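> Got a predicted structure here, sequence first:
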Amino acid sequence: MRTARVERKTKESEVLVELNIDGTGTTSISTGEPFFDHMLEQLGKHSGFDITVKTVGDISVDSHHSVEDTSLALGQAIKEALGDKAGIRRFGDALVPLDEVLVQVAVDLSGRPYLVHHQPQIVELIGTFDTTLGKHIWESIVAQAQIALHVRVLEGSNAHHVLEAQFKAVARALKDAVSLDKQVKGIPSTKGTL
C-alpha cells in the first residue's frame with residue numbers, strides 16, 4: 001500500500017493529512033472551509049485515493065492559511081506515498097465536463113514542479129470561499145508533490161462548476177498517472193529517477 005501521513009504546524013494552522021493512493025475514494029475532510037472540503041472530497045472520490053484531512057486554522061482571519069497549508073501538506077503526502085515511483089504510468093490526462101464547463105488536465109509525475117493554469121474570470125466568492133485560491137491550491141500541491149500539472153478550463157462560467165470540474169479532472173489524471181503498469185520496469189524515465 002502506498003500511503004503517507006503528513007503533519008504541518010505553523011502559527012496559522014495545524015494540518016494532518018493521511019493518504020492512501022491505493023484506496024477506494026473514501027474521504028474524511030475537515031478544513032473549516034466547507035467549499036474546500038467539498039473539493040477535496042471530489043479529489044478523493046474521483047482519484048480513488050483515501051484522504052483524511054484535519055485542519056484547524058485562523059479561519060477568523062480568512063481561509064487563506066488553512067487552504068494553503070492543507071494543500072502543501074497534501075502535495076507532500078502525494079510525493080511521500082509515491083516513493084521511488086517504480087512501475088507507475090507517470091503520465092495522466094483527463095477531459096472532464098460538468099454541465100456547461102469543460103476542463104482539460106495533464107499531469108507528469110516528473111519530480112519537477114511546474115504549473116500551467118488557465119481559467120476564465122469567475123465571481124470572487126462561493127459562500128465564504130475565496131475563488132482566487134483555486135490556482136493557489138494547485139501551485140501549493142505542485143510545489144510539494146513535485147509534479148508538472150496543466151489545467152485548462154476550455155468552456156464555462158459558473159464558479160462552482162469551474163472549480164469542481166478542475167478537481168475532478170485533476171483526480172482522474174492523477175488516478176491514471178499513479179497507476180501501476182506491468183509493462184513498466186523500474187522507474188519510468190531514461191534518467192533512472194523521478
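That came through fine.

> quick one: low-confidence ranges for this structure?
Within the chain, no range satisfies pLDDT under 70.

> Can you show me the strands along it?
Shown for the chain, the strands assigned by DSSP state E span residues 3-9, 13-20, 27-30, 50-57, 91-98, 101-108, 114-118, 125-126, 129-130, 148-155.

> The fourth one packs against which elements?
Other elements packing on strand 50-57 under the criterion 3 or more Cβ pairs under 8 Å, 6 or more residues apart in numbering; DSSP states H and E are strand 13-20, strand 27-30, helix 34-47, helix 64-82. (Each C-beta comes from the backbone N, C-alpha and C, glycine too.)

> what do you get for the second one?
The elements that strand 13-20 packs onto, with contact taken as 3+ Cβ pairs under 8 Å, 6+ apart, are strand 3-9, strand 50-57, helix 64-82.

> Can you tell me which of these is most buried?
helix 64-82 (a mean of 23; mean count of other Cβ atoms under 10 Å).

> circling back to that earlier point, can you tell which of the helices and strands packed on strand 13-20 is closest to V170?
helix 64-82 (11.0 Å; Cβ to Cβ).

> The closest one to strand 3-9, inter-axis angle?
Helix 64-82 runs at 150 degrees relative to strand 3-9, counting by axes from the mean of the first three to the mean of the last three Cα atoms, to 10 degrees.
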